[in-house]
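Trainee: have a look; sequence and predicted model below, questions after that.
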Amino acid sequence: MATIHRTIMRPIITERSSAAYQDRGEYTFEVAPDANKYSIKAAVEQLFGVKVTGVWTSNARGKSRRVGQSIGRRPHTKKAIVKLRDGDTIAIFEG
């Protein structure tokens, strides 16, 4: 992990993740495959200026997809669900 911008790749904004941050204050990000919970926590706190109280991660294997006459594969991804302390928000998800 060289930088925090390589740790946090992008926010995941779906119907399910928007319900999670509205109800429970949990935000979902796509993270680097080699990122651990400590580096994810540090990156979110430094990037957005919030206090993280919990981090959950999950790995998703890439699905095999047909591309023409051959078989291709989508890339493997890693997601992190980050819980913030009460009162903290991240503006990307709110707007």
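Mentor: Alright, I've got the coordinates. Quick caveat: nothing in here was measured; it's all calculated off a predicted structure.
Trainee: what residues are up against the closest residue to Thr77 other than its chain neighbours?
Mentor: Nearest residue to Thr77, sequence neighbours excluded (CB to CB, 6 or more residues apart in numbering): Ala60, at 4.9 Å. Where C-beta positions appear, they are placed from N, C-alpha and C, glycine not excepted. By CB atoms under 8 Å, 6 or more residues apart in numbering, the contact list for Ala60 reads 76-79.
Trainee: and Ala60, backbone torsions?
Mentor: Main-chain torsions, Ala60, degrees, to the nearest 10: phi -120, psi 130.
Trainee: for it, give its distance to Ser17.
Mentor: 14 Å (CB to CB, to the nearest Å).
Trainee: and the residue positioned nearest the centre of the chain, how close does it get to Arg66?
Mentor: For the chain, the residue nearest the mean C-alpha position is Phe29 (1.5 Å; CA atoms, centre = their mean). Noted for Phe29: a distance of 30 Å to Arg66, by CB to CB.
Trainee: Leu84 now?
Mentor: 41 Å.
Trainee: for those two, indicate the residue with more neighbours.
Mentor: Leu84 (21 against 8; other CB atoms under 10 Å).
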